[in-house]
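**Q** Need a 3D model of the following:
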Amino acid sequence: MTRATITQCAVLVGGFGARLGTPTAYTPKPILPCGDRPFLAWLLRELVRFGVTEFLLLTDYLSADVEKTAQDIVSALPREARITLSEEPVRAAGSGGAIYHARDRLDERFLLCNGDSLLDCNLADLLAAAASDNESVTGRMLLRQLDDASRFGVAALDGDRITGFSERPSPGTGGIINAGTYVFRRGLVDSLSPQCSIEADILPHLAAAGMLRGTLGDGYFRDIGTPEDFARAQAEIPRLLRRRAVFFDRDGVLNIDRGYVSTRERFEWMPGALEAIRYVTEARWHAFVVTNQSGVARGHYDEAAVRQLLDWMADEARRAGGTIDDVRYCPFHEAAVVDAYRRSSDWRKPEPGMVLDLIRTWELDPERCVMIGDQPTDMAAASAAGVSGHLFPGGNLLEFVRGIVRP
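**A** Here you go, the predicted model:
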C-alpha cells in the first residue's frame, strides 16, 4: 500500500519577483520578511505538519542569499528537517527546467510547491488522494476556487481529472486556479527539458494525455507576487498560522487501551478517532499526541517500536484526510527495569513537560489549547501547563471532539 505521507518537497524559489519592484532588487521574493520571519519559513512550517522532512530548494536569482537564509529557516522549524539547494546551471531555466536540473535528487514521489504562495488548507486531502492514484497518473495538483480568478490561468475539470487550462479570465470572473502545490511521480522528468515552464509547457501536456488530477482545497490563499498582496500577507499570515491546538493522549483516547500497545497488530483505533483527527485538521487546529510510554522503561519494547508505531499512526491519519502535527512521548519511569530509563521525568504525566515543550516549540498560546485524555494524570498535566483539560469517558471520539473544537 502506498504511504500517504511524502517526505520530500521541492520548492521553487528562483523567480525574479519583478512585479514587487524595489523589495526584490536585493532579496529573493520567498525570503522577504513576513511578520517576524521570511515568507518561506511560514510555508515550510506548514509543510512539516504533514510529514515533510526534506526540502530541496530550486534556486536561480540571488541563490547565495537563499542559501544564507535557508539554514536559519530550517533550524527554527518546529520539527526536524533537512534543507539542500539545487541551483540552475543556466539563467531563466523556468520552473520546469529547475526540476529537470534537480532530477537526480528527486524521490520516486515528491511534493512540489511555489515558494511565493500559500493556501491554508488541509494538505492531507491532496496526500490521501495522490496515494490512491494509479501509476498512469503522473501528477496531482492542489486547486482553489476563486470568485475573481483574473490574475491566474484556470483549470477545467471532469470529476477530479484535469482536462485542460485556459488563459486568465476577465476581471470579476470566477474560476478554479492552480494553488501552486503538487504531488508528482519522478517519471515527470521524462516530460521536462533544460528550459521549460511547468505551468505553460508541462501541465497542459499532462492534462491532454489524461495524466493529471486535481484536488480542491479551501481556505486562505495568498500569492505574494504584487505589492498589495505582499502587504496583506505580512499582516494576515503571522496571525492566521498561529493556530489553536488539541493535545491527544494516546492509549484510551486515540486507540483502545490493551496495555503496553507497541505494534500495529495490537493497535485498534478508538471509534471515531481518525475522523476526530480529520475534524481537528479541517478546523485549522494543530493535532498533537502526548503519551506516557513506560513500557520502554519496563522492558516490554524499545523506543524504536514507539517511534515506528507513532509514525504509522500519523500516516494512517493522513490517509484518512487529517494529520498528526507532532508527538511527544515519555519512556522514563522511577520503577524501570531498564537502567537507562530509571528516573523521574517532568515529561511523564501528570507532569506537564511534554505539553510545555510543544507549546514552546510550536509557539502556542496555552489559553487557546485543549487536552483530551482519559486519566486524571492527563487532566493534571493540562492544568499544570495552563491548558483546558477534557476527560474522555469512552465511546465515539469524534462526537466528543465536536463538543470542544470549533472551526
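**Q** so the closest residue to Pro350 other than its chain neighbours, which of the three states?
**A** Take Pro350 and drop its neighbours on the chain: the residue closest to it by C-beta to C-beta, 6 or more residues apart in numbering is Ala380, 3.5 Å away. The way it works is simple: take the backbone N, C-alpha and C, and place the C-beta from them, glycine included. Secondary structure, DSSP: H, G, I helix; E, B strand; the rest coil: Ala380 is helix.
**Q** how many other residues sit next to Ala380?
**A** The local packing of Ala380 (other C-beta atoms under 10 Å) involves 17 other residues.
**Q** mind checking how far it is from Met371?
**A** Distance, Ala380 to Met371, by C-beta to C-beta, to the nearest Å: 10 Å.
**Q** any weak-confidence spans in the stretch 51-200 of the chain?
**A** Applying pLDDT under 70 to the stretch 51-200 of the chain flags the ranges 61-62.
**Q** all helices of it, in order?
**A** 63-75, 94-101, 124-132 (DSSP state H, counting those that start in this stretch).
**Q** List of residues touching the shortest one?
**A** Which is helix 94-101. The contact list for helix 94-101 (C-beta atoms under 8 Å, 6 or more residues apart in numbering) reads 10, 12, 14, 58-60, 86, 88-90, 93, 106, 112, 188-189, 192-199, 201-202.
**Q** What about those residues, which are in strands?
**A** Among those, the members found in strands (DSSP state E) are 10, 12, 58-59, 86, 112.
**Q** Need the residues you listed in a markdown table (columns: neighbour count and distance to Pro78).
**A** As requested, the ones in strands among the contacts of helix 94-101 are exported to a markdown table (neighbours: other C-beta atoms under 10 Å; distance: C-beta to C-beta, whole Å):
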| residue | neighbour count | distance to Pro78 |
| --- | --- | --- |
| Ala10 | 24 | 21 |
| Leu12 | 23 | 23 |
| Leu58 | 26 | 24 |
| Thr59 | 25 | 24 |
| Ser86 | 21 | 25 |
| Leu112 | 24 | 22 |
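**Q** what two of those residues are the furthest from one another?
**A** Across the ones in strands among the contacts of helix 94-101, the longest distance by C-beta to C-beta is 14.3 Å; it joins Thr59 and Leu112.
**Q** packing partners for the longest strand anywhere in the chain?
**A** For the chain, the strand with the greatest residue count under DSSP E is strand 175-185. Applying 3 or more C-beta pairs under 8 Å, 6 or more residues apart in numbering; DSSP states H and E, one finds that strand 175-185 contacts strand 109-114, strand 117-119, helix 124-132, strand 139-146, strand 154-158, strand 212-217.
**Q** in its sheet, what does the second one sit against?
**A** It stands for strand 117-119. With DSSP bridges as the test, strand 117-119 is paired with strand 221-223 (antiparallel).
**Q** can you pull the contacts of the closest residue to Ile73 other than its chain neighbours?
**A** Spatially, and ignoring its direct neighbours in sequence, Ile73 is nearest to Ala41 (4.6 Å; C-beta to C-beta, 6+ apart). Neighbouring residues of Ala41 by C-beta under 8 Å, 6+ apart: 34, 73, 76-77.
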